[in-house]
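> Just a sequence and a predicted model for now, questions to come.
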Amino acid sequence: MFAGLSVQIFAQDPRPVPIEYLRPMKNSVSIGVRAVGGAKVKFSGNLGGGLRQLSQLTTDGQSFGTGFFGGNGDLPVVLPESVVLGGYSYPLDQISVFDNGSILRDSSGAASPRPADPADPNVADTQMRNDGSGSWYRGKVSNPSDPHYGMLQYDIYTLDSSGNTIPDAHTGQPVKTTKYYLPYDANYSRNWSINSREHQYNAADNQVTYGRYWTESAGNEIELEDGSNPGVEFKFERIVQRFKRFEWGLAATAGISEFNAKTRRGITVNLRGYEYTYNLSRPLPDDGSTGGPTYSADETEETTAAIGIKPNGYDEDTDKPENNYQAGGTAVDRTVDVNGYWQVKGVYYLYRVGPFIRIPITRQFSISASAGYMGAYVGSKFRYEETMTIPEVSAAYTTGDVVKNNQRYVSGYYGDLNIEWWLSTRTGFYVGAAYEKLGDYTQIHDERRVDVKMDGGAGFRFGIITRF
C-alpha cells in the first residue's frame, strides 16, 4: 500500500528530474546567427593616376605619339604600323593623333571632291580624268586681284550619255561649273580636326591647340570602416570533465561572414601632358567648322583653313621624332578632379578552436565562455572606376570598371561569453557577445592599393543548442 502510494505521488510531482539522475550527455551542437566582424579599409597608392586616352597607346599598351608626324613618345616602345581613324588605316608617319583631334598629312593625290593635282602644274587645259567626268584643270589663278588668287581652278563640264559636252540653250557655250580648290602644300594639311572650337581655336592668333594629357596621383588616401555584418556559425562542443560547480571541454566552430567597404567621391590629382600650337593658313570659316576640308554651301569653292604640319616652336635640327614627343610642346601642370568609385568586398570562411567552461546558475540557466585560436580563408574583390573630364577634350578619361580578385588566409584569436537558457536537458537557446581579431592583408592592382584590416571587434551571437 505504501509502495503504491509512493509511486503515485512521484508520478504527479511536477518538478524536473534532478540532473544527477540523468545519463550524462557530453556532446552538444549549436547553430546560430553571428554579427561579428567587419573591416577597416584604406585605399591608397596611385588613386586617380595614370588616366590617359587610348590615342596615346600602342598595341602593347605603351605611350606613343608626338606633336608632329612619326613621333614615338618618351618610352622605348614598338610602334604600330598604322593608326585606324574614321574607318581608314593610315601609316604612322602620315598622321598625328591627339586626345582632342588629329592631323592627317596631305598629299597631291588628295581625296575627292578635290581632283588630283596634275603631274606638271604648269601645263594648263590638261584633262585630269579620262573617265568621262568632264573635269578639266585650268591651273592656278594668277591674277592677284582675283578673290580666288592662288587657288586651283577646275571647269567641270556637263556631259551627255556619249560623253560629249552639252551646249547652253542661250549662249551655245558648253554647260560647265567652275570650282576652286586649295593647292597642295607640303608644309600644310587640309585634313585635320579638333574636338572643341571654343577651347582649341584662338581666332585672335589664328591658331589651334592640340594636347595629350594624363594624370598623376596626388597621394590621396581614403579610409573606410565597415561594421559587423550578419553571418552563420555551427559549433561542436565536447565535455572533457565535470565538476560539482562547473564543467569544461573543447569547442570547434565553423562559420561564414562578410564585409563590404565602398565609397563614391571626388579626389584631386595632378594633370600632366603637353600642348601643341599650330598655325592656320587663314581664319576658320564662320560656319562653326572644327577642321577641314570645308566647302562653300554650293560646293564650288573650298574654304578650308589649312593647318601647318609641325607645331610652333619645333626645331628641325634638334627635335627629332625618335627622340621625344615633347618637341614643340608646352608642359601642362595643374590639378583636376577625378570622380571615383572604390570598393573592397569579401567573404571569409572561419574556424575557431579552443577550450570552454560552463557554469550552471539555476536549473534552466547557465553561463559559458570560450577563447582560443581563429583562422579564416578570405576571398575579396577589389573594384574601382575612375573618371576625369577636362574642357579641352570631349571624351572622358576613365579606367572603366576594374575588378581584381584576391584570396588570403589570415589568423588571429577569439573570445566569447554566452548565457544559455535550457528548455529541457537536451535543448536550449544561447545569446552572447564575442570578440574576434584577425590579421591584415593588402591587395595591389595597377599601383592602386587597398589595405584590409580584419578588425573584427565585438559583436553578438545567438542560436539553438542540442545535447546528445
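Right, received. Where do you want to start? Residues are numbered from 1 along each chain as shown.
> Could you list the domains of the chain?
Using automatic domain parsing, the domain parsing of the chain gives 24-47+221-270+339-467, 54-216+272-335.
> TSV for those, including mean neighbour count?
Bear in mind the C-beta positions are built from the backbone N, C-alpha and C, glycine included. Listed next are those as TSV, based on neighbours: other CB atoms under 10 Å:
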stretch	mean neighbour count
domain 24-47+221-270+339-467	17
domain 54-216+272-335	16
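> Mind putting these into a markdown table with mean pLDDT?
Output for the domains of the chain, formatted as a markdown table (pLDDT from 0 to 100):
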| stretch | mean pLDDT |
| --- | --- |
| domain 24-47+221-270+339-467 | 91 |
| domain 54-216+272-335 | 72 |
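> For Ser217, give its distance to Val450.
Shown here: Ser217 relative to Val450, a distance of 14 Å by CB to CB, to the nearest Å.
> my bad, should have said Glu221
11 Å.
> any residues in contact with both of these two?
Common contacts of Glu221 and Val450 (CB atoms under 8 Å, 6 or more residues apart in numbering): 42-44.
> So which of those residues sit within strands?
42-44 (DSSP state E).
> and which of these is nearest to Glu247?
Nearest to Glu247, judged by CB to CB, of those is Lys42 at 44.4 Å.
> What sits closest to Glu221 if chain neighbours are left out?
Take Glu221 and drop its neighbours on the chain: the residue closest to it by CB to CB, 6 or more residues apart in numbering is Ser44, 4.5 Å away.
> Identify the residues contacting the one you found.
Ser44 neighbours (CB under 8 Å, 6+ apart): 220-222, 449-451.
> For these, give me TSV that also has distance to Arg334 and secondary structure.
Shown next, in TSV, are the contacts of Ser44 (distance: CB to CB, whole Å; DSSP: H, G, I helix; E, B strand; the rest coil):
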residue	distance to Arg334	secondary structure
Asn220	16	coil
Glu221	22	coil
Ile222	22	strand
Arg449	25	strand
Val450	28	strand
Asp451	30	strand
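> Nearest to Tyr188, out of the residues you listed: which one, please.
Asn220 (44.6 Å).
> so that closest one touches Ile267, yeah?
Yes. Counting by CB atoms under 8 Å, Asn220 touches Ile267, with 4.5 Å between them.
> re the thing from before, which one of the shared contacts of Glu221 and Val450 is nearest Thr427?
Lys42 (45.5 Å).
> show me where the stretch 51-200 of the chain has strands.
82-85, 88-91, 95-98, 101-104, 126-127, 135-140, 152-157, 176-181, 188-189, 191-194 (DSSP state E, counting those that start in this stretch).
> Among those strands, single out whichever gets nearest to Gly211.
Of the strands of the stretch 51-200 of the chain, nearest to Gly211 by CB to CB is strand 95-98, at 6.2 Å.
> partner strands of that closest one, parallel or antiparallel?
Sheet neighbours of strand 95-98, with direction, are listed as strand 101-104 (antiparallel) (DSSP bridges).
> what does the strand it pairs with contact?
Residues contacting strand 101-104 (CB under 8 Å, 6+ apart): 69, 85, 90, 94-96, 189, 191-195, 200, 208, 210, 278, 290-291, 307, 309.
> ditto for stretch 239-256
Here stretch 239-256 has contacts from 24, 26-27, 34, 231-238, 347-360, 370, 372, using CB under 8 Å, 6+ apart.
> Out of the residues you listed, which sit inside helices?
With DSSP state H as the criterion, helices contain none of the contacts of stretch 239-256.
> which element is Ser366 on?
strand 365-388 (DSSP states H and E).
> who does the helix or strand just after that strand pair up with?
Proceeding N to C from strand 365-388, the next assigned helix or strand is strand 397-398, under DSSP H and E. Applying DSSP bridges, strand 397-398 is found paired with strand 365-388 (antiparallel).
> For the shared contacts of Glu221 and Val450, could you give me TSV that also reports distance to Glu386?
As requested, these are exported to TSV (distance: CB to CB, whole Å):
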residue	distance to Glu386
Lys42	17
Phe43	11
Ser44	14
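> Among those, which one lies nearest to Val175?
Nearest member of the shared contacts of Glu221 and Val450 to Val175, counting by CB to CB, is Phe43, at 72.8 Å.
> Now the closest one. Nearest residue, chain neighbours left out?
Ile222 (4.3 Å).
> Return the residues in contact with that neighbour.
Contact partners of Ile222, counting by CB under 8 Å, 6+ apart, are 42-44, 47, 263, 265, 267, 342.
> Switch the residues you listed over to TSV; also include distance to Ala297.
TSV is the format used below for those (distance: CB to CB, whole Å):
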residue	distance to Ala297
Lys42	61
Phe43	55
Ser44	58
Leu47	51
Thr263	54
Arg265	50
Ile267	48
Trp342	52
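> any idea how far Val36 is from Gly439?
16 Å.
> With Glu275 instead?
Glu275 is 49 Å from Gly439, by CB to CB.
> just Pro360 next, same as before
Pro360 is 37 Å from Gly439, where distance means CB to CB.
> what helices or strands is the helix or strand hosting Ile444 leaning on?
Following DSSP H and E, one finds Ile444 within strand 440-445. Contacting strand 440-445 under the criterion 3 or more CB pairs under 8 Å, 6 or more residues apart in numbering; DSSP states H and E are the following elements: strand 365-388, strand 402-422, strand 448-453.
> Any chance you could give me that strand in PDB, C-alpha atoms only?
Provided in PDB are the C-alpha atoms of strand 440-445 (Å, rounded to 0.1, in the frame of the first residue of the first chain):
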ATOM      1  CA  ASP A 440      45.600  42.200 -42.100                       C
ATOM      2  CA  TYR A 441      46.300  41.800 -45.800                       C
ATOM      3  CA  THR A 442      46.900  44.000 -48.800                       C
ATOM      4  CA  GLN A 443      45.700  44.000 -52.400                       C
ATOM      5  CA  ILE A 444      47.500  45.900 -55.200                       C
ATOM      6  CA  HIS A 445      46.400  46.400 -58.800                       C
END
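> Residues in contact with that strand: which ones?
Outside strand 440-445, the residues that reach it (CB under 8 Å, 6+ apart) are 45, 344, 378, 380, 382, 402, 404, 406, 408, 410, 449-454.
> quick check, nearest of the residues you listed to Arg282?
Val402 (46.1 Å).
> ok, that closest one - contacts?
Val402 neighbours (CB under 8 Å, 6+ apart): 383-385, 445-446.
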